[in-house]
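**Q** sequence-free structure coming up:
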């Protein structure tokens, strides 16, 4: 009477699934890489996440939109539902962090600037976010953090500034309340 078709949910990446599994790019993905549509970080992240997805079904449900590398930091740009899943599952978060062997930053792909900054500063709480128009016509974004923010050092703040500029071209001014 009823027949059920079982669909296998597969991790979505900037490169095709076969390439992500084998680690070798097909002609189409190779041309995307050469033309700049995708980056080497996209390729490497796709391969790492695909290998993890074979061991963890939660990763198989994710969508990697893009990836960037800034110095020794690796930025994964994922769908919003994937970010909630990772943040709510410490084991999954640890697994992803260990597999990349670098500091991982997880950012939501389809977010506004405020939400982007919330993701970037996570787990720190932002008191306020304001735009500052400078006399030369440029714009900076002023972020105010709680005074008693724990685990904040100057190196981390500089990294956040670099990531913000590289991913969204947001020039940050960071202050404490």
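**A** Sure, I can see it. Every value quoted in this text rests on a predicted model; they were computed, and no experiment measured them.
**Q** let me see the domain layout of the chain.
**A** The record's domain split for the chain, according to automatic domain parsing, is 9-110, 111-177.
**Q** out of those domains, deepest packed?
**A** Comparing the domains of the chain by mean neighbour count (mean count of other Cβ atoms under 10 Å), domain 9-110 ranks first with a mean of 17. C-beta: built from backbone N, CA, C; applies to glycine.
**Q** pLDDT on that domain, on average?
**A** Taken as a whole, domain 9-110 carries a mean pLDDT of 90.
**Q** got it, and stretch 139-159?
**A** In the prediction, stretch 139-159 has an average pLDDT of 84.
**Q** for it, how far is the first residue from the last?
**A** Between the start and the finish of stretch 139-159 there is a gap of 20 Å, counting by Cα to Cα, to the nearest Å.
**Q** which residues does it contact?
**A** 70-71, 73, 103, 113, 117, 121, 124-134, 164, 170-177 (Cβ atoms under 8 Å, 6 or more residues apart in numbering).
**Q** for residue 20, which non-adjacent residue is spatially closest?
**A** Among residues not flanking residue 20 along the chain, residue 50 sits closest, at 3.8 Å (Cβ to Cβ, 6 or more residues apart in numbering).
**Q** which ones are touching that neighbour?
**A** Contact partners of residue 50, counting by Cβ under 8 Å, 6+ apart, are 11, 13, 17, 20-21.
**Q** again with residue 31
**A** Counting by Cβ under 8 Å, 6+ apart, residue 31 makes contact with nothing.
**Q** tell me which element it is part of?
**A** helix 27-35 (DSSP states H and E).
**Q** that helix: what's the following helix or strand?
**A** helix 40-53.
**Q** starting at the chain centroid, how far to the helix or strand following that following helix?
**A** Heading C-terminal from helix 40-53, the first helix or strand you meet, by DSSP H and E, is helix 57-60. From the chain centre to the centre of helix 57-60 is a distance of 16 Å (Cα atoms, centre = their mean, to the nearest Å).
**Q** can you check stretch 88-100 too?
**A** Centroid separation for stretch 88-100 versus its chain: 13 Å, with Cα atoms, centre = their mean.
**Q** what's that stretch in contact with?
**A** The contact list for stretch 88-100, computed with Cβ under 8 Å, 6+ apart, reads 45, 48-49, 51-52, 56, 58-59, 74, 76, 85-87, 103-104, 106.
**Q** at 10 Å what do you get?
**A** With contacts defined as Cβ atoms under 10 Å, 6 or more residues apart in numbering, stretch 88-100 is touched by 44-45, 48-49, 51-52, 55-56, 58-59, 62, 67, 69, 74, 76, 85-87, 103-104, 106.
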